[in-house]
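Asker: dropping a prediction and its sequence here:
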Amino acid sequence: VQLQASGGGLVQPGGSLRLSCAASGFTLDYYAIHWFRQAPGKEREGVSCVSSSGDSTSYADSVKGRFTISRDNAKNTVYLQMNSLKPEDTAVYYCARAWRCSAQYDYWGPGTQVTVFS
């Protein structure tokens, strides 16, 4: 089982990034995928989730209206489009799988660093 997040980088406030989560070793279609983030000295924060079919999504209040989660099961990939980035979005971002968005993750992979700087 592998979940590899990528697409992070350095960006100025107001900028955009698109993160990708590439899945392998399991059938992505069966799982919801979460994105969560962790900044130094802060607790882990759930950012967004997409259901296995892609029909249902959810967002943390802190990113609602700025981030969009989507998935392409044919490509075994889930995306997180992040617009209007703020310095407080700086964190390592991880993707994780769960049976449904209301369930706890059972696996996550290495994260990707997002840094928003002035």
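Answerer: Yes, it's here.

Asker: bridged to the residue most central in space within the chain, which residues?
Answerer: Among the residues of the chain, Trp35 comes closest to the average C-alpha position under CA atoms, centre = their mean, at 2.9 Å. Counting by DSSP bridges, Trp35 is bridged to Ser48, Cys95.

Asker: repeat for Thr68
Answerer: Gln81.

Asker: relative to Asp89, how far out is it?
Answerer: According to CB to CB, to the nearest Å, Thr68 stands 14 Å off from Asp89. (Each C-beta comes from the backbone N, C-alpha and C, glycine too.)

Asker: comparing the two, which shows the higher neighbour count?
Answerer: Using other CB atoms under 10 Å, the more surrounded residue of Thr68 and Asp89 is Asp89, with 22 against 16.

Asker: ok now do the more buried one, which residues does it touch?
Answerer: Applying CB atoms under 8 Å, 6 or more residues apart in numbering, we find Asp89 in contact with 37, 63, 82, 114, 116.

Asker: residues contacting the third one?
Answerer: In this structure, Met82 makes contact with 16-19, 63, 66-67, 89, 114, judged by CB under 8 Å, 6+ apart.

Asker: burial check on the closest residue to Thr112 other than its chain neighbours, number of neighbours?
Answerer: Spatially, and ignoring its direct neighbours in sequence, Thr112 is nearest to Gly8 (3.4 Å; CB to CB, 6 or more residues apart in numbering). Other residues lying near Gly8 total 18 when counted by other CB under 10 Å.

Asker: coming back round to it: identify those among the contacts of Asp89 that sit within strands.
Answerer: Among those, the members falling in strands (DSSP state E) are 37, 82, 114, 116.
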